[in-house]
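Undergrad: Requesting a structural model of the entry that follows:
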Amino acid sequence: MSKIGTFSTIAILFTFMAAHSAKDVYISTKRTESKLLEVAIPEFRFNGNDKNNLGVLASLIINFDLKFTGYFKPIEKYSLLKSVQDRDTRLGKIDYDEWRTLASNFLVQGVINVQADRKLTLEVKVYDLQKKKIFFAKKYIGRKKLFRQMAHQFSDDILMRLTGDKGIARTKIVFVSKVRGRKELMIMDYDGNNPRQITSDRSLVLFPSWNPKKKNLILFTTYRYRNPDIYVIDLLRRKRWPLSRKVGLNSTGEWSPDGEKVAYSLSRKGNSDIYVMNSDGTNSKKLTFSKSIETSPEWSPDGSRILYTSDRSGSPQIYVMKSDGSEKKRITYRGTYNDSAAWSSHGNLIAYASLVGNKFDVVVMNYKNPRATNLTNGQGSNESPAWAPNGRHIVYSSTKGGKSQVYIMLSDGTNKTQITFLPGGGYLPSWGPD
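TA: Alright, predicted model coming up:
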């Protein structure tokens, strides 16, 4: 199993410039001529031999991050960006008017240096092209293997500075992929980079769930021991332990928002029901008692309610109940098969997979006003939606390109982006905490 390093081992060395006072931290995205903030991100300058093309890589990473937020429109005319930047270098100053012909709002420029201890420093300046002055500047330091995370950190910082939104560029996604014909757990950066295997069960591994409070803990179901059991894996200590190994099907485990409880599905006497237990596996309590199949529990952001799938009406539909099992009610009525409900961190939106024709689509509905919106519109079979911690993005699996792979998109269905291209495909993604 690959060793997973601490996710936040990037030090922000210091902020060496500040162009605005605290009261000016946030800028309305409606202040510009267009709906999106136009930003130019030319290749970063590397002091030395850039044999790994880190200058280009930094620009591409930040370009992807900002574009995917749904707030920015990065300018992708790279040859023009480079020519203007080269001219600035010769003149020794920023030609704001020339940059405004390419991007109406912001210019991002960076310098990469190698320190004596072989760590990298990433110095970034953001220029406001309308006000013709520096808006934001920071310096980051870290080991070379953390370079991508340093660039992602800047993307999150500038997003927070401009909009007040917390970014997701440094988050991770856990998912399932086939390795030598067997399904194993994998982890990757949110943009699909650095995929690595974290289980070697040589069996069937399913339903990963990331602890929202402890980034090192992931819940999953494994058939390694000839029975579908729920296990926890600790990424930092490289250990794992059983949480539920009762006779029957132990599956679809989900952490509560505070990480102290787990809702899961357990089958006994032929049908499965929803149970809740403590995060150490003790004090298991049954919440549903019907003769139907009930599975896929999902906590509300405040932990007061649980979504789940039940076929008590004759077909799988989404239901909700209080976390003590009371006040059960059905909330989906459109579609013959609805499953895998996921609750947005904002608390008002629910994403789920709905059978449309002979394929599944990812659908979003407002919990208080159950009008469903189809986000994937029959482009392959789309399943297992999960929300990013900021509630603005959704990860899901799709056969849009043939084999099931992992995709991400904004919660309105735009910016659909395939992020896995693995021979073993991608299934059942779960977005990690920020």
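
Undergrad: which residues of this structure fall in helices?
TA: All helices of the chain, identified by DSSP state H, fall at 54-69, 78-91, 96-100, 147-163.

Undergrad: so which of those helices gets nearest residue 131?
TA: Nearest to residue 131 among the helices of the chain is helix 96-100; the distance by CB to CB comes to 9.1 Å. In short, each C-beta sits where N, CA and C put it, glycine included.

Undergrad: how is the chain carved up into domains?
TA: In the domain annotation for the chain, the residue ranges read 11-163, 172-431 (automatic domain parsing).

Undergrad: Just put the ones you listed in TSV and tack on mean pLDDT.
TA: Formatted as TSV, those follow (pLDDT from 0 to 100):
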stretch	mean pLDDT
domain 11-163	84
domain 172-431	95
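
Undergrad: Compile the helices of the chain into CSV and extend it with columns for distance to residue 413.
TA: Putting the helices of the chain into CSV (distance: least, CB to CB, whole Å) gives the following:
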stretch, distance to residue 413
helix 54-69, 14
helix 78-91, 28
helix 96-100, 32
helix 147-163, 21
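
Undergrad: Let me have the ones you listed in JSON lines, adding distance to residue 321 and mean neighbour count as columns.
TA: JSON lines is the format used below for the helices of the chain (distance: least, CB to CB, whole Å; neighbours: other CB atoms under 10 Å):
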{"stretch": "helix 54-69", "distance to residue 321": "35", "mean neighbour count": "21"}
{"stretch": "helix 78-91", "distance to residue 321": "53", "mean neighbour count": "13"}
{"stretch": "helix 96-100", "distance to residue 321": "56", "mean neighbour count": "16"}
{"stretch": "helix 147-163", "distance to residue 321": "36", "mean neighbour count": "22"}
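
Undergrad: now for those helices, which one comes closest to residue 115?
TA: With CB to CB as the criterion, residue 115 lies closest to helix 147-163 of the helices of the chain, at 13.1 Å.

Undergrad: any idea how far residue 56 is from the residue lying farthest from the centre of the chain?
TA: No residue in the chain sits farther from the centre than residue 91, which is 41.8 Å out by CA atoms, centre = their mean. Using CB to CB, to the nearest Å, residue 91 is found at 23 Å from residue 56.

Undergrad: Out of the domains of the chain, which is the most enclosed?
TA: Most buried of the domains of the chain, by mean neighbour count (mean count of other CB atoms under 10 Å): domain 172-431, with a mean of 19.

Undergrad: ok, the nearest residue to residue 416 once chain neighbours are set aside - contacts?
TA: Leaving aside its sequence neighbours, residue 416 sits nearest to residue 409 (CB to CB, 6 or more residues apart in numbering; 4.4 Å). Counting by CB atoms under 8 Å, 6 or more residues apart in numbering, residue 409 makes contact with 375, 393, 394, 396, 415, 416, 417.

Undergrad: Need phi/psi at the fifth one.
TA: With angles defined as degrees, to the nearest 10, residue 415 sits at phi 60, psi 40.

Undergrad: Touching, it and residue 73? I think so.
TA: No: contact criterion CB atoms under 8 Å: residue 415 and residue 73 do not qualify, at 11.6 Å.

Undergrad: which residues do those two both contact?
TA: By CB under 8 Å, 6+ apart, residue 415 and residue 73 have these common neighbours: residue 67.

Undergrad: hang on, the earlier thing: mind listing the residues bridging to the residue nearest to residue 416?
TA: Per DSSP bridges, the residues bridged to residue 409 are residue 394.

Undergrad: and if you look at residue 175?
TA: residue 186.

Undergrad: quick one: it from residue 405, how far?
TA: 10 Å.

Undergrad: And for residue 286?
TA: Remark: distance between residue 286 and residue 405 (CB to CB) = 37 Å.

Undergrad: How about residue 129?
TA: Going from residue 129 to residue 405 by CB to CB gives 38 Å.

Undergrad: so residue 143 makes contact with residue 121?
TA: No: using CB under 8 Å as the test, residue 143 is too far from residue 121 to be in contact (11.4 Å).

Undergrad: could you list every residue that touches the residue lying closest to residue 45 once chain neighbours are set aside?
TA: What sits nearest to residue 45 in space, not counting adjacent residues and going by CB to CB, 6+ apart, is residue 111, at 4.9 Å. Each residue near residue 111 by CB under 8 Å, 6+ apart is listed here: 44, 45, 46, 47, 122, 123.

Undergrad: List phi and psi for residue 170.
TA: Backbone dihedrals for residue 170, given as degrees, to the nearest 10, come out at phi -100, psi 10.

Undergrad: what's the neighbour count on it?
TA: 21 (other CB atoms under 10 Å).

Undergrad: Touching, it and residue 154? I think so.
TA: No: contact between residue 170 and residue 154 fails when scored by CB under 8 Å: they sit 10.2 Å apart.

Undergrad: correct me, but residue 377 touches residue 361?
TA: Yes: contact criterion CB under 8 Å: residue 377 and residue 361 qualify, at 6.6 Å.

Undergrad: What is the end-to-end distance of stretch 356-376?
TA: End-to-end distance of stretch 356-376 (CA to CA, to the nearest Å): 11 Å.

Undergrad: Contacts made by that stretch with the rest, please.
TA: Stretch 356-376 has contacts (CB under 8 Å, 6+ apart) with 331-335, 337-338, 343, 347-354, 377-378, 380-383, 385, 394, 396, 398, 400, 409, 411-413, 416.

Undergrad: what's the offset of that stretch from the middle of its chain?
TA: Centroid separation for stretch 356-376 versus its chain: 20 Å, with CA atoms, centre = their mean, to the nearest Å.

Undergrad: same question, stretch 240-256
TA: Using CA atoms, centre = their mean, the offset of stretch 240-256 from its chain centre is 24 Å.

Undergrad: Endpoints of it, how far apart?
TA: Start-to-end span of stretch 240-256 (CA to CA) is 19 Å.

Undergrad: How about stretch 38-51?
TA: Taking CA to CA, stretch 38-51 runs 30 Å from one end to the other.

Undergrad: And residue 102, how far from residue 78?
TA: Between residue 102 and residue 78 the computed distance is 11 Å (CB to CB).

Undergrad: meant to ask about residue 275
TA: From residue 275 to residue 78 the distance is 54 Å (CB to CB).

Undergrad: All set, thanks.
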